[in-house]
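Q: following is a predicted model, sequence given first.
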Amino acid sequence: MQERDNKIRVLQVNKLYYPVTGGIERVVQQLAEGLSDDTDTKVLVCCKKGRTTVEQIAGIEVTRASSMGMLSSLPLSFSFLWKFRRMAKDRDIIHIHMPFPLGDLACFLSGYKGTVILWWHSDIVRQKKLMKLYRPLMEWLLRRADCIIVATQGHIDGSRYLKPYQDKCRIIPFGVDPKIEKEADRWYEEDMPFKRLGEKSAVVRYLFVGRLVYYKGCRTMIEAFVQAAKENSCIQLDIVGTGPLEPELKKLTEELGLTDRIHFHDEVSDDELIGFFKECDVFVLPSLQRSEAFGLVQIEAMAFGKPVINTKLPSGVPYVSLHGETGLTVEPGNTAELAEAIQYLAEHPAERCQMGERARARMDEQYRMDKMLKRVLRLYKESVERKQGR
């Protein structure tokens, strides 16, 4: 089958797809579009609610199975099971992005005999009742899989489920979004104000980008910023994102009298976001829970030569930006330690800039999009050849 057209036939399977812009959805889109010249790729996902649609997006056939709606972040879609079985028949590889229990069930019911590759993005953390029901099916798929991709060693070490399967795990780091990568390359080479290196700035700007949800740690970040601001009057914080905690966080900022230091930005275009990365001095990712499995925004900030303050989570987060090398890592939820890190980078401009340069170098070495795509394509070829007994 593969030899007729000399392209590996891949079915990318996930819960949702572009224009939904979550981290996993972005990775699926990057793989589908980035490997389109080297593979015959189709995408199967669900609608949030509505009838089945089939469309072409950037040359990729995307099937969205009908859904009655979402329950506990899972689409209620019976047609997805039938679509999976039908579309899997001529595919050399089924690539399922986890966690996605409906994808596990579809694979189990399909009778598919070809190569199954999983990309393990994170454990299910909050939905413990669902996990009790789902775990036997998940364990079946982990045993069934020919290979499991993870973005860092931290995904294996911090997972409650992957250790028995670590021999079949392959580490493939994520890549920076191509648009951000291109703009960062141009800006870093042509426009970055190197004359400021080592000089004390009038204002040191900190940046957070992400959903304003429970596990992101934004309340801790604001409280830490209050402590740091008492010692340093030149720091400012931009918070880019929206979410259910937005009203609460804005109210907290007002109560603390910091509306002149902490600024919220809830409607930001791609170009404006790039502007925030350029203008900030330090990026902050204060996440509290291992629901934060990697933090793609870290590598985006690093592309612009910015040091990162992150947290020592049992996930991939502290493996991305390294403590003392490309930024500082603090204990999750530790307000005093986070305030100390904020203050330290404000008061040590030379060290801050050196960390930023090393962050840029680490991005260049580890997190280029072309490197991610080449690693995945190599894995596809090896997996298919192994299945065919070559």
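A: Perfect, I can see it now.
Q: return the residues in contact with Ala301.
A: By C-beta atoms under 8 Å, 6 or more residues apart in numbering, the contact set of Ala301 is 207, 209, 277, 280, 283, 308, 359. Any C-beta I mention is one placed from the backbone N, CA and C, and that applies to glycine too.
Q: go again using 10 Å as the cut-off
A: By C-beta atoms under 10 Å, 6 or more residues apart in numbering, the contact set of Ala301 is 176, 180, 184, 207, 209, 276-277, 280, 282-285, 295, 307-308, 321, 326-327, 356, 359-360, 363.
Q: tell me which of these fall in helices.
A: Cross-referencing the contacts of Ala301 against helices under DSSP state H gives 180, 184, 276-277, 356, 359-360, 363.
Q: in CSV: these, plus distance to Val62 and pLDDT.
A: Shown next, in CSV, are those (distance: C-beta to C-beta, whole Å; pLDDT from 0 to 100):
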residue, distance to Val62, pLDDT
Ile180, 23, 92
Ala184, 28, 93
Phe276, 30, 96
Phe277, 29, 95
Gly356, 38, 95
Ala359, 34, 97
Arg360, 34, 95
Met363, 29, 96
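Q: just put the residues you listed in a markdown table and tack on neighbour count and distance to His263.
A: What follows is the ones in helices among the contacts of Ala301, written out as a markdown table (neighbours: other C-beta atoms under 10 Å; distance: C-beta to C-beta, whole Å):
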| residue | neighbour count | distance to His263 |
| --- | --- | --- |
| Ile180 | 21 | 21 |
| Ala184 | 27 | 23 |
| Phe276 | 19 | 10 |
| Phe277 | 23 | 15 |
| Gly356 | 25 | 22 |
| Ala359 | 27 | 24 |
| Arg360 | 22 | 26 |
| Met363 | 27 | 26 |
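Q: any chance of TSV for the residues you listed, columns distance to Asp238?
A: Converted to TSV, the ones in helices among the contacts of Ala301 look like this (distance: C-beta to C-beta, whole Å):
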residue	distance to Asp238
Ile180	17
Ala184	18
Phe276	6
Phe277	10
Gly356	17
Ala359	18
Arg360	20
Met363	21
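Q: Pro314 looks like it's in a helix, true?
A: No: judged by DSSP: H, G, I helix; E, B strand; the rest coil, Pro314 forms no part of a helix; its state is coil.
Q: burial count for the residue lying closest to it once chain neighbours are set aside?
A: Once flanking residues are discounted, Pro314 sits nearest to Gly158: 3.4 Å by C-beta to C-beta, 6 or more residues apart in numbering. Number of residues near Gly158 (other C-beta atoms under 10 Å) recorded here: 20.
Q: and Asn310, how many neighbours?
A: 27.
Q: look up phi and psi at it.
A: Per-residue torsions, Asn310: phi -130, psi -170 (degrees, to the nearest 10).
Q: I'd like the numbering to begin with 53 instead of 1 from here.
A: Will do, 53 is the new start, and the previous item becomes Asn362.
Q: Lys330 versus that one, what's the distance?
A: 20 Å (C-beta to C-beta, to the nearest Å).
Q: circling back: touching, the residue nearest to Pro366 and Val369? I think so.
A: Yes: if you go by C-beta atoms under 10 Å, Gly210 and Val369 touch, sitting 9.1 Å apart.
Q: any common contacting residues for these two?
A: Contacts common to Gly210 and Val369, judged by C-beta under 10 Å, 6+ apart, are 204, 342, 345.
Q: next, Tyr213: phi, psi?
A: phi -130, psi -20.
Q: surely it meets Arg187?
A: Yes: with contact defined as C-beta under 10 Å, Tyr213 reaches Arg187; the gap is 7.8 Å.
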